[in-house]
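[1] Here is my input; please provide its structure:
(chains A and B)
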Amino acid sequence: MNPDSPPGIRGTDDIGATLDEALVEARRLAGDAHAAQRERYQSAIGYVLLAALIVWFLLFVGLGLVVKEPDLARRMTVSFLVATVTAIAVGAPGAWGIRRRARPDIVAAKAWADRLGEAMDRRRSGERPTGSVFELLAEAAREVPRWLYAQRRAGLVRDPGTWGWIFLLVWLGVDILIGFMPSSIGLDFVATILVGVPSFGLLAAAAVLYVRWRRRREIRLETEQRDWDRRYEEVRGRMERFLEEL
Amino acid sequence: MGIPTLLDRPDLYVVARLLERLWREDAPMLKTRLQVDANVNYDVFTRYLDWMCSKSLVALQTSDDGRERVRLTSQGFEAYRKLVQWINEVVHAHRTGSR
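    The predicted model follows:
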């Protein structure tokens, strides 16, 4: 205690404890959000790999049956190569797209968790913080709705109804395409249309369902973020008025 | 250099930064060191310091070596405590129902 300080100014110092409490909570929220986002990313990659595997299997079996090649080994080789190339062509862009979409959020949540964790460590060890803990918390507070949302939404797992329909529609669409298209090569134009339209219709319905689901999710996040920002500005206004009225 | 004008509307973050720095130090700080730590230019720092002195959040004192130091007053301490409590409430606000 410095002799120049007013007596008792740090005697009942609960500021440190309050800062620690806020840091712990913010760090927990950021960490949980990061874990949820990473888990969702890994699940999404898993689904893409599963889809690629199903495509590979269906193509391999389907082509093995329809390719008119008397030599079994040759037929198997052709089926294997076509199925593999197609599965990679389906899976690789899907996985790349998921990674491209998910990575910024994962990196941002991780960076926040690290910053808050570092501030906590510095306070615990008595090291000098690199910046203002108050400002760090004020900035972190703005991210809270995103972190909460990241924890709540887990895509497929959290909305099984919609995703069940999407899966069913894609499955049927692909099944019709794979099952009937090879045999329709010799068919006339009308028959090809009769096979193609329903399958593409099913795939289009799945796409529409997905786009709507995503839009709903985004609207919900935007609304929550707006509400949170409004409440945050109210509190900030209260703090500023408090300073002005001192 | 001209006489710095008093602030009409202080920036919450700058005030909190200065209060926090003094609170953390727990001892009067040299003005120049406080300015560097608060990461604001001299003009801004002087205006904030004047404003904070006028609100009795901080006080200036001259130490034995003749250099001016800034110390946190009990009002400054209370003000910083209130700001910290508010920010803590904001961080925990989701528990009281944001939906």
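[2] neighbours of the closest residue to chain A within chain B, just the number please.
    Residue nearest to chain A within chain B (Cβ to the nearest Cβ): residue B:27, separated by 3.6 Å. For the C-beta atoms, the positions are set from N, CA and C on the backbone; glycine is no exception. Using other Cβ atoms under 10 Å in any protein chain shown, residue B:27 has 14 other residues around it.
[3] do residue A:133 as well
    Residue A:133 - counted by other Cβ under 10 Å - has 26 other residues nearby.
[4] which residues does residue A:120 contact?
    Counting by Cβ atoms under 8 Å, 6 or more residues apart in numbering or on different chains, residue A:120 touches A:20, A:23, A:24, A:27.
[5] Buried ones among these?
    Burial by neighbour count, judged by 16 or more other Cβ atoms under 10 Å in any protein chain shown, picks out A:20, A:23, A:27 from these.
[6] Of those, just say which sits nearest to chain B.
    Nearest to chain B, judged by Cβ to the nearest Cβ, of the buried ones among the contacts of residue A:120 is residue A:23 at 8.5 Å.
[7] would TSV of the contacts of residue A:120 with pLDDT and secondary structure be doable?
    Shown next, in TSV, are the contacts of residue A:120 (pLDDT from 0 to 100; DSSP: H, G, I helix; E, B strand; the rest coil):
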residue	pLDDT	secondary structure
A:20	92	helix
A:23	94	helix
A:24	94	helix
A:27	95	helix
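[8] quick revisit: may I see the buried ones among the contacts of residue A:120 arranged in JSON lines, with distance to residue B:66 as well?
    Formatted as JSON lines, these follow (distance: Cβ to Cβ, whole Å):
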{"residue": "A:20", "distance to residue B:66": "38"}
{"residue": "A:23", "distance to residue B:66": "39"}
{"residue": "A:27", "distance to residue B:66": "44"}
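[9] quick check: domain ranges of chain A?
    Following automatic domain parsing, one gets these domains for chain A: A:15-156, A:159-246.
[10] Any idea how far the last one is from the middle of the chain?
    Centre-to-centre, domain A:159-246 and its host chain are 13 Å apart (Cα atoms, centre = their mean, to the nearest Å).
[11] Return the mean pLDDT over that domain, rounded to an integer.
    Averaging pLDDT along domain A:159-246 yields 80.
[12] And stretch A:68-83, by the same measure?
    87.
[13] got the buried residues for that stretch?
    A:75, A:79, A:82, A:83.
[14] Count the residues that sit near the closest residue to the third one other than its chain neighbours.
    Sequence neighbours aside, residue A:63 is the residue nearest to residue A:82 in space, at 5.8 Å (criterion: Cβ to Cβ, 6 or more residues apart in numbering or on different chains). When neighbours are counted by other Cβ under 10 Å, residue A:63 registers 21.
[15] got the contact list for residue A:63?
    A:78, A:79, A:82, A:83, A:182.
[16] if I look at the fourth one, how far off is residue A:58?
    Using Cβ to Cβ, to the nearest Å, residue A:83 is found at 8 Å from residue A:58.
[17] likewise the third one?
    Summarising the geometry, the distance separating residue A:82 from residue A:58, computed by Cβ to Cβ, is 12 Å.
[18] One more: the second one?
    For residue A:79, the distance to residue A:58 equals 11 Å [Cβ to Cβ].
[19] what helix or strand is the closest residue to residue B:55 other than its chain neighbours on?
    Leaving aside its sequence neighbours, residue B:55 sits nearest to residue A:246 (Cβ to Cβ, 6+ apart; 4.4 Å). For residue A:246, there is no enclosing helix or strand under DSSP states H and E.
[20] Surely residue A:246 touches residue B:54?
    No: if you go by Cβ atoms under 8 Å, residue A:246 and residue B:54 don't touch, sitting 9.1 Å apart.
[21] picking that back up, beyond the host helix or strand of the residue nearest to residue A:82, next helix or strand please.
    If you go by DSSP H and E, residue A:63 is part of helix A:15-66. Heading C-terminal from helix A:15-66, the first helix or strand you meet, by DSSP H and E, is helix A:72-125.
[22] show me where chain B has helices.
    Using DSSP state H, the helices of chain B run over residues B:12-25, B:31-38, B:42-54, B:74-92.
[23] same for the shortest one, what does it pack against?
    For helix B:31-38, the packing partners by 3 or more Cβ pairs under 8 Å, 6 or more residues apart in numbering or on different chains; DSSP states H and E come out as helix B:12-25, helix B:42-54, strand B:68-72.
[24] Poorly predicted segments of chain B, please.
    Flagging of chain B using pLDDT under 70 yields the residue ranges B:1-7, B:96-99.
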